[in-house]
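*Asks:* How does the following fold in three dimensions:
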Amino acid sequence: MTEAEWLVCEDPTRLLAFLNDGNNRDRRLRLFSCGCYRRLPDCTEDESTRSAIEAAERFADALADSEELRGARTGKGGPHNARFWVTRTSAFAAAGGALWSLRDAGTQPYDRVAQHFRFPKALALLRDIFGYPFRPVTFSPSWSTSTAVALASQMYESRDFGAMLILADALQDAGCDSADVLDHCRGPGPHVRGCWVVDLVQGKE
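*Replies:* Predicted structure coming up:
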């Protein structure tokens with residue numbers, strides 16, 4: 001896949017296949033899975049499923065072990081399929097399962113011309129998390145001021161990314177001149193845990 005194809009591709013399964021290259025992307029793939037499920041009300045409203053998503057997020061950040069991840073798969077009520085996929089040991093399987101859960105939830109339109117489901121929400125999340133794999137951004141440590149780090153950390157912990165515009169201003173004040181970084185902060189989003197700019201500010205891999 002070329003950069004041009006990445007930018008225009010509307011099939012997230014192709015993007016996921018490209019990202020499954022063994023290039024240490026497990027954390028972001030798992031957070032993509034969690035981000036997808038957090039967009040399904042049935043998942044966030046069911047306590048067992050919400051707990052499973054939270055366990056998967058902790059596992060992604062090395063704050064939970066595989067035993068806790070597997071234990072979160074069990075539960076009563078709610079959409080069991082989501083708990084099964086988000087807690088898979090394989091981050092790639094968790095990401096792929098999230099796509100099919102979105103499809104099964106009936107939230108994705110079917111393109112009768114192309115004869116496949118369209119996943120605009122999933123595509124937006126993939127690009128929020130993985131950015132531009134063909135053109136990694138050089139991020140200066142000097143841009144991670146105490147203000148920028150505090151903003152990024154607060155958004156990451158609360159999962160409320162409403163301060164992205166303020167983060168852009170803080171980065172610019174610190175000397176950030178990267179159009180990719182600033183445009184991403186000031187763009188329409190959505191943003192989730194794993195957002196590539198928020199990760200860079202916090203020094204997360």
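*Asks:* so how many other residues sit close to Phe119?
*Replies:* Residues near Phe119, counting by other C-beta atoms under 10 Å, number 23. For glycine as for every other residue, the C-beta is placed from the backbone atoms N, C-alpha and C.
*Asks:* Tell me how far it lies from Asp11.
*Replies:* To Asp11, Phe119 is 8 Å away according to C-beta to C-beta, to the nearest Å.
*Asks:* Dead centre of the chain: give me the residue that sits there.
*Replies:* In the chain, the centroid-proximal residue (C-alpha atoms, centre = their mean) is Phe32; its distance is 3.3 Å.
*Asks:* And the contacts of the helix or strand where it lies?
*Replies:* Assigning secondary structure by DSSP states H and E places Phe32 in helix 26-37. By C-beta atoms under 8 Å, 6 or more residues apart in numbering, the surrounding residues in contact with helix 26-37 are 16, 19-20, 43-44, 49, 53, 56-57, 59-61, 82, 85-86, 91-92, 94-95, 97-99, 101-102, 121-122, 125-126, 128-130, 192-194, 204-205.
*Asks:* are any of the residues you listed buried, and which?
*Replies:* 16, 19-20, 43, 49, 53, 56-57, 59-60, 82, 85-86, 91-92, 94-95, 97-99, 101-102, 121-122, 125-126, 128-130, 192-194, 204 (16 or more other C-beta atoms under 10 Å).
*Asks:* Quick check: helices, which of the residues you listed are part of them?
*Replies:* Counting by DSSP state H, these place 16, 19, 43, 49, 53, 56-57, 59-60, 82, 85-86, 91-92, 94-95, 97-99, 101-102, 121-122, 125-126, 128-130 in helices.
*Asks:* pLDDT score assigned to His80?
*Replies:* His80 is assigned 59 on the pLDDT scale.
*Asks:* Without its sequence neighbours, what residue ends up closest to Leu29?
*Replies:* Leaving aside its chain neighbours, Leu29 sits nearest to Ala91 (4.0 Å; criterion: C-beta to C-beta, 6 or more residues apart in numbering).
*Asks:* Next, the contact list for Arg135, please.
*Replies:* Under the criterion of C-beta under 8 Å, 6+ apart, the neighbours of Arg135 are 3, 180.
*Asks:* if I've got this straight, it is in a helix?
*Replies:* No. Per DSSP: H, G, I helix; E, B strand; the rest coil, Arg135 lies outside any helix segment and is coil.
*Asks:* How much space separates it from Leu7?
*Replies:* With C-beta to C-beta as the criterion, Arg135 and Leu7 are 10 Å apart.
*Asks:* try Asp169
*Replies:* When Asp169 is compared with Leu7 (using C-beta to C-beta), they lie 27 Å apart.
*Asks:* okay, these two: which has more neighbours?
*Replies:* Per other C-beta under 10 Å, whichever of Asp169 and Leu7 has more neighbours is Asp169, with 17 against 10.
*Asks:* Let me see the contact set for the more buried one.
*Replies:* Counting by C-beta under 8 Å, 6+ apart, Asp169 has no contacts.
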